[in-house]
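A.B. asks: Next one to model:
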Amino acid sequence: MHQITAKVERIDLEGGFWGIIDMDTKKKYLPDEELPIIFQQNGLMVNIVFEPSTMSSAFQWGRMIHILRIEKVE
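C.D. replies: Just a heads-up that it's a prediction; the model follows:
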């Protein structure tokens, strides 16, 4: 399990998708499930607990992760 503070970003490639960028390392992550609508806000800061995903993606952007918990940074 990993925990990061990150920024949600709308990536306009291949039809568009929501990505996660770690604020400390600048690593890019791609959730293996659609983010809940409440978190689909460009530039939103979030705390995320995740584990690596075994799924693959056609988007060729970031590392696939499975989000266990996500919350807005207050």
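
A.B. asks: Can you name the residues in contact with the helix or strand harbouring residue 10?
C.D. replies: Using DSSP states H and E, residue 10 maps to strand 2-11. Outside of strand 2-11, the residues within contact range by C-beta atoms under 8 Å, 6 or more residues apart in numbering are 16-25, 29, 35, 39-51, 59, 61, 73. Quick note: C-beta positions are derived from backbone N, CA and C, even for glycine.

A.B. asks: Select only the buried ones of those residues in ChimeraX?
C.D. replies: In ChimeraX, this line selects whichever of those come out buried by 16 or more other C-beta atoms under 10 Å:
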select :17,18,19,20,21,22,29,35,39,44,46,48,50
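
A.B. asks: Show me where this structure dips below the pLDDT cut-off.
C.D. replies: Within the chain, no stretch has pLDDT under 70.

A.B. asks: those strands in it, which residues are they?
C.D. replies: Using DSSP state E, the strands found in the chain span residues 2-11, 17-22, 28-31, 45-52, 63-72.

A.B. asks: May I see the buried residues of the last one?
C.D. replies: Looking back up the chat, that one is strand 63-72. So, applying 16+ other C-beta under 10 Å, buried residues of strand 63-72: 64, 65, 67, 70.

A.B. asks: Export those as JSON lines, with columns for distance to residue 12.
C.D. replies: Converted to JSON lines, the buried residues of strand 63-72 look like this (distance: C-beta to C-beta, whole Å):
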{"residue": "64", "distance to residue 12": "19"}
{"residue": "65", "distance to residue 12": "21"}
{"residue": "67", "distance to residue 12": "22"}
{"residue": "70", "distance to residue 12": "22"}
